[in-house]
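A.B. asks: need coordinates for the below:
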Amino acid sequence: MKFSIYQVYLCVLVVTLWMLSISRASSQGLQVDDPIINLEVKRIVNYPVESARLTDFVGKKALLIDFWFAACTSCIESFPKLDSIQKEFKDDLNILLVTFETKEKTLRTFNTIDKIKHVKLPSVVADTLLHLIFPHASAPHEIWVDRQGKIKAITDHTSINRNNIRSLIAGEELNLPVKKDNMEYSVFDLLIKSLDLDKMLKYNVISSHQPGLPASDGMYLHPDNGFLRAQATNVNFQSLYIMAYDQWGKGFNYNRLIIDGSVLVRLKETEDKRNTFCYDSWWRDTSRAKACSEMQNELDHFFNLTSYLENRKVPCLVLRKTGTQRRFISNQSTERQGIFYVSDTLCFENVYLKYPVENVLNYGRYAWAPSQFIDETGYEGKVNIQLPRSFESIAQVNRFLKNFDLEVTIEDRWLDVIIIKDNAKL
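C.D. replies: Residues are numbered from 1 along each chain as shown. The predicted model follows:
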């Protein structure tokens with residue numbers, strides 16, 4: 001049989017358009033109001049023939065396509081209902097089951113589960129094509145198609161009832177909730193990657209050292225979503241507990257951590273960073289006190305420790321004024337300001353004393369002061385002060401401070417301390 005160039009061109013055009021329609025459908029899936037595609041459906045069981053055009057199921061009747069798989073309990077539970085609806089509306093409705101399961105597993109499923117042994121609905125088995133046309137991440141997944149082959153709804157199984165079936169058959173608008181699966185979700189991925197933050201209530205993760213991340217920590221209210229967030233990267237366990245007891249950013253000196261020696265050995269920082277940790281928790285609509293309490297419990301459970309707060313008498317470095325000249329008061333006209341080192345001298349120029357007390361003198365494992373540093377000068381303005389680059393003795397520090405009419409002494413003060421005990425040795 002000979003074909004004209006026009007006939008060949010027409011065939012190529014038809015095939016090309018059909019392939020383009022398949023490509024479009026498989027890339028994003030057919031949507032509500034799209035027409036179904038006139039494609040061949042193969043491997044149909046419980047049907048007079050093993051293959052048919054998808055459009056064969058519409059025209060005289062509406063069509064409900066039900067995607068299922070054998071391990072889906074909701075799918076299996078819905079089959080008797082679907083079978084009953086099919087029998088009731090047999091003259092106006094086709095129900096087509098679709099699964100990726102093999103023919104053998106499909107027949108075995110229907111033959112071994114008592115409640116569905118009587119169900120003889122046609123089912124496409126070992127399917128790939130319809131799953132591409134109607135992508136979804138969960139089942140049951142329902143495609144509602146009217147007599148004209150137009151998709152009227154995409155839902156889960158909870159929308160299947162006789163009233164909605166009657167509306168589909170009558171060609172009425174369904175206005176059913178659209179089932180939109182997150183196609184990027186994978187059970188092998190972190191759940192946080194697929195979550196809608198607006199609906200998240202609580203999130204928590206603890207990990208070991210993460211190369212490439214800076215050492216940092218903090219607890220703050222997130223400006224964009226309102227979450228209270230406790231976040232730390234590559235820090236030691238002491239920093240986590242200081243945050244858990246709401247002392248982050250408050251000048252909490254490490255000498256106020258009373259820790260069992262066995263804990264310090266077990267969680268000692270090493271060159272391979274084995275005992276540095278990352279922590280991230282998000283709380284919605286939660287008080288800071290409740291969040292801290294939860295964090296304490298999480299850390300205790302993770303590290304196998306018992307922690308609590310206790311008020312004790314603690315030796316402190318107390319800063320006081322001497323004389324009457326007040327040479328520590330800043331000259332506001334100075335151009336240089338901030339905290340910096342000059343040779344062996346730590347300089348505070350034109351800064352509020354509160355900042356270096358919290359962020360330098362008492363700051364974490366790098367704290368300048370070996371004991372809690374307390375400012376009792378009563379002065380709240382900006383200061384110019386110099387200290388030795390590193391603490392060696394009270395006398396050494398006071399040699400610097402005498403030029404600014406200040407001095408430090410060691411005195412006891414009643415302060416809250418964090419007690420950390422080792423459950424592993426109990």
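A.B. asks: which neighbours in the sheet does the helix or strand where residue 278 lies have, and how are they oriented?
C.D. replies: If you go by DSSP states H and E, residue 278 is part of strand 277-283. Using DSSP bridges, the strands paired with strand 277-283 are strand 202-208 (antiparallel), strand 228-235 (antiparallel).
A.B. asks: dihedrals phi and psi, residue 290?
C.D. replies: Backbone dihedrals for residue 290, given as degrees, to the nearest 10, come out at phi -70, psi -40.
A.B. asks: same question for the one 5 residues further on.
C.D. replies: Residue 295 has phi and psi values of phi -60, psi -40 when expressed as degrees, to the nearest 10.
A.B. asks: cool, and residue 254?
C.D. replies: Torsion angles, degrees, to the nearest 10, at residue 254: phi -60, psi -20.
A.B. asks: now do the contacts for it.
C.D. replies: Residue 254 is in contact with 238, 364-365, 367, counting by Cβ atoms under 8 Å, 6 or more residues apart in numbering. Quick note: C-beta positions are derived from backbone N, CA and C, even for glycine.
A.B. asks: so which of those comes closest to residue 354?
C.D. replies: Comparing these against residue 354 with Cβ to Cβ picks out residue 367 as the nearest, at 15.5 Å.
A.B. asks: what about the closest residue to that closest one other than its chain neighbours, neighbour count?
C.D. replies: Computed as Cβ to Cβ, 6 or more residues apart in numbering, the closest residue to residue 367 that is not its neighbour in sequence is residue 253, at 5.6 Å. Residue 253 has 24 neighbours, counted by other Cβ atoms under 10 Å.
A.B. asks: ok, so what distance separates residue 253 from residue 292?
C.D. replies: Going from residue 253 to residue 292 by Cβ to Cβ, to the nearest Å gives 19 Å.
A.B. asks: cool, and residue 299?
C.D. replies: Taking Cβ to Cβ, one finds residue 299 at 11 Å from residue 292.
A.B. asks: mutual contacts of those two, please.
C.D. replies: Shared contacts of residue 299 and residue 292, counting by Cβ under 8 Å, 6+ apart, come down to residue 244.
A.B. asks: how about low-confidence regions in the stretch 151-300 of the chain?
C.D. replies: 187 (pLDDT under 70).
A.B. asks: helices along that one, start to end?
C.D. replies: Ranges of helices in the stretch 151-300 of the chain, per DSSP state H, counting those that start in this stretch, are 162-170, 237-244, 261-266, 288-303.
A.B. asks: what's the closest of the ones you listed to residue 143?
C.D. replies: Among these, the nearest to residue 143 by Cβ to Cβ is helix 162-170 (11.0 Å).
A.B. asks: check which helices and strands the closest one is in contact with.
C.D. replies: The contact analysis (3 or more Cβ pairs under 8 Å, 6 or more residues apart in numbering; DSSP states H and E) places helix 162-170 against strand 62-67, helix 73-88, strand 93-98.
A.B. asks: looking at those, which is nearest to residue 274?
C.D. replies: So among the helices and strands packed on helix 162-170, helix 73-88 is nearest, using Cβ to Cβ, at 43.5 Å.
A.B. asks: can you pull the buried residues of the closest one?
C.D. replies: 75-76, 78-79, 82-83, 85-86 (16 or more other Cβ atoms under 10 Å).
A.B. asks: now swap in stretch 130-147 and tell me
C.D. replies: Result for stretch 130-147 [16+ other Cβ under 10 Å]: buried residues 130-131, 133-136, 139-147.
A.B. asks: and stretch 163-175, by the same measure?
C.D. replies: 164-165, 167-169, 174.
A.B. asks: the stretch 251-400 of the chain: strands as residue ranges?
C.D. replies: For the stretch 251-400 of the chain, strands defined by DSSP state E, counting those that start in this stretch occupy the ranges 257-259, 277-283, 305-321, 338-342, 345-352, 372-375, 382-388.
A.B. asks: between the buried residues of helix 73-88, which sits nearest residue 327?
C.D. replies: residue 75 (82.0 Å).
A.B. asks: quick check: closest non-adjacent residue to the closest one.
C.D. replies: Distance criterion Cβ to Cβ, 6+ apart; nearest residue to residue 75, sequence neighbours excluded, is residue 68 at 3.6 Å.
A.B. asks: okay then, goodbye and thanks.
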